[in-house]
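*Asks:* quick one, fold the following:
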Amino acid sequence: MLPDLKQIAQTLIYHHRDNEHSDSVGIFAVLPREIAAQFPEEGRQTEDKSPSHVTVLYVGSLLPVLEKKLVKVVEEVCEATKPFLVKLKKPRKFVNDKGQIILHSPVKSGRLVRFHDNLRTALLNAGIQVDNKFPVFKPHITIAYCNNKKELKQYKDVRPEGAWIVDNIWIWSTRQPHLVFLGR
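*Replies:* Predicted coordinates for the structure are as follows:
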């Protein structure tokens, strides 16, 4: 099933305008509209203007000559992966390397973890380096980047909930975004 047109448009517009991450690649599951509506845009605007998403795998820097190879490997892994259910857990927080308090909703799914591992292994086996910036995969959706506890209090009533089927992913920050469907 195709993501809704608004989601596709938002992703394409974001990708076209995003120059900050043009030398790095990531694989993302963009949230369906009804789930994304629970995540306030203003909480992320200063740090991340992308559509609400779960980072499936952060690849990092990629030489342009390897882009077609990366897309082919990701397509092969996706074709071998059936769509799967993910579920939001109650919001938590952590402090990032900038000292910001990150309010986020953890995402629970053993199949998502296996999908992440399969993508990482396939890329490494194909000779494509995968950044080790985040060595432990902790899938989540950011609610807000807060510089202090006062800012954090603005989001005390934000409690996203729900579950959805991941049946496609996006590859962002290559020369063009790629929408890839999971196997049927």
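*Asks:* what strands line up against the helix or strand that contains residue 145, and which way round?
*Replies:* Following DSSP states H and E, the helix or strand that holds residue 145 is strand 140-146. Using DSSP bridges, the strands paired with strand 140-146 are strand 101-108 (antiparallel).
*Asks:* and the partner strand, what's buried?
*Replies:* 101, 102, 103, 104, 105, 107 (16 or more other CB atoms under 10 Å). (Glycine included, C-beta is placed from N, CA and C.)
*Asks:* same question for it, mean pLDDT?
*Replies:* Averaged over strand 101-108, pLDDT sits at 97.
*Asks:* likewise for stretch 76-88?
*Replies:* On average, stretch 76-88 scores 98.
*Asks:* please apply the same query to stretch 43-52.
*Replies:* For stretch 43-52, the per-residue pLDDT averages 83.
*Asks:* ok, residue 172 to residue 70 distance?
*Replies:* In this view, residue 172 and residue 70 are 12 Å apart by CB to CB, to the nearest Å.
*Asks:* who touches both of those two?
*Replies:* Common neighbours of residue 172 and residue 70, counting by CB atoms under 8 Å, 6 or more residues apart in numbering, are residue 25.
*Asks:* tell me where this protein has strands.
*Replies:* 24-30, 53-61, 84-88, 92-95, 101-108, 140-146, 163-166, 168-172, 178-181 (DSSP state E).
*Asks:* which of these sits closest to residue 134?
*Replies:* strand 53-61 (5.8 Å; CB to CB).
*Asks:* need the contact partners of the closest one.
*Replies:* 23-31, 70, 86, 107, 112, 115-116, 119-120, 123, 128-131, 133-134, 139-141, 166, 169-170.
*Asks:* show me how far the strand holding residue 145 is from its chain's centre.
*Replies:* 12 Å (CA atoms, centre = their mean, to the nearest Å).
*Asks:* tell me what angle that strand forms with strand 24-30.
*Replies:* 110 degrees (axes from the mean of the first three to the mean of the last three CA atoms, to 10 degrees).
*Asks:* what angle separates strand 140-146 from strand 53-61?
*Replies:* Going by the same axes, to 10 degrees, strand 140-146 makes 90 degrees with strand 53-61.
*Asks:* residues in contact with strand 140-146?
*Replies:* Under CB under 8 Å, 6+ apart, the answer for strand 140-146 is 31, 39-40, 43-44, 46-48, 52-54, 88, 91-92, 96, 100-107, 151-152, 154-155, 158, 160.
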